[in-house]
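**Q** Task: produce atomic coordinates for the following.
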Amino acid sequence: MAPEKRPPAAFVDTNVLLRYLLDDVPEQADAVEALLRRAATGKLSLALNAMVIAEIVWTCESYYQLPREEIRDKVVAILNTPGIQVEESELLLEAIWLYVEKNVDFADAYNACWLRRRGLDTVYTFDRLHFRRIEGIKVLVPKRGTSETSRL
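**A** Numbering: from 1, shown residues only. Next comes the predicted model:
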């Protein structure tokens, strides 16, 4: 019996997914839809990482000024698309919900989820605003010239 042949694999860049999610360049969106269909049927394996998701969030938020809930829905759609392998997909899913529920920056939500998964409960930061909104995380600010920190 011959070994099972794997489909060709490729990385998907942020701009490709944005064209599909936003449908702002219809001919490109259609091309991406065809690509995603090929992946969903197993003819191609697509992969992406957390940086692609972070770029999607940032672009949708800053350039297109979409509401957080709509951005969350777009990210969840990508994370659940058959044929796309997403590194740390569960962590990213948790982070995108935290981003909306606690109204925090996506990067802070991702970092909070990341540290929790590693059994950490303390963060040193000067950006106290967002981390204080997340239950179970102690926020410490480094103080100059002393071994102490202030807790917020």
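
**Q** how about the residue most central in space within the chain, secondary structure?
**A** Closest residue to the average C-alpha location of the chain: I53 at 3.6 Å, with C-alpha atoms, centre = their mean. Following DSSP: H, G, I helix; E, B strand; the rest coil, I53 is assigned to helix.

**Q** contacting residues for it?
**A** V75, I78, L79, V86, L92, I96 (C-beta atoms under 8 Å, 6 or more residues apart in numbering). Backbone N, C-alpha and C define where each C-beta goes, glycine included.

**Q** redo that, cut-off 6 Å
**A** The contact partners of I53, by C-beta atoms under 6 Å, 6 or more residues apart in numbering, come to V75, L92.

**Q** where exactly do the strands run in the chain?
**A** 9-11, 45-48, 84-86, 122-124, 138-142, 149-151 (DSSP state E).

**Q** got the CA coordinates for stretch 95-105 in CSV?
**A** The C-alpha trace of stretch 95-105 is given here as CSV (Å, rounded to 0.1, in the frame of the first residue of the first chain):
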residue,chain,number,x,y,z
ALA,A,95,-7.9,36.2,23.4
ILE,A,96,-10.3,37.6,20.8
TRP,A,97,-13.2,37.0,23.2
LEU,A,98,-11.3,38.8,26.0
TYR,A,99,-10.5,41.6,23.6
VAL,A,100,-14.2,42.3,23.2
GLU,A,101,-15.5,41.4,26.6
LYS,A,102,-12.9,43.5,28.6
ASN,A,103,-12.3,46.2,25.9
VAL,A,104,-8.6,45.7,26.0
ASP,A,105,-6.0,45.8,23.2
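
**Q** Just name the shakiest helix or strand of this protein by mean pLDDT.
**A** Using mean pLDDT, DSSP states H and E, strand 149-151 stands out as the lowest-scoring helix or strand of the chain, at a mean of 56.
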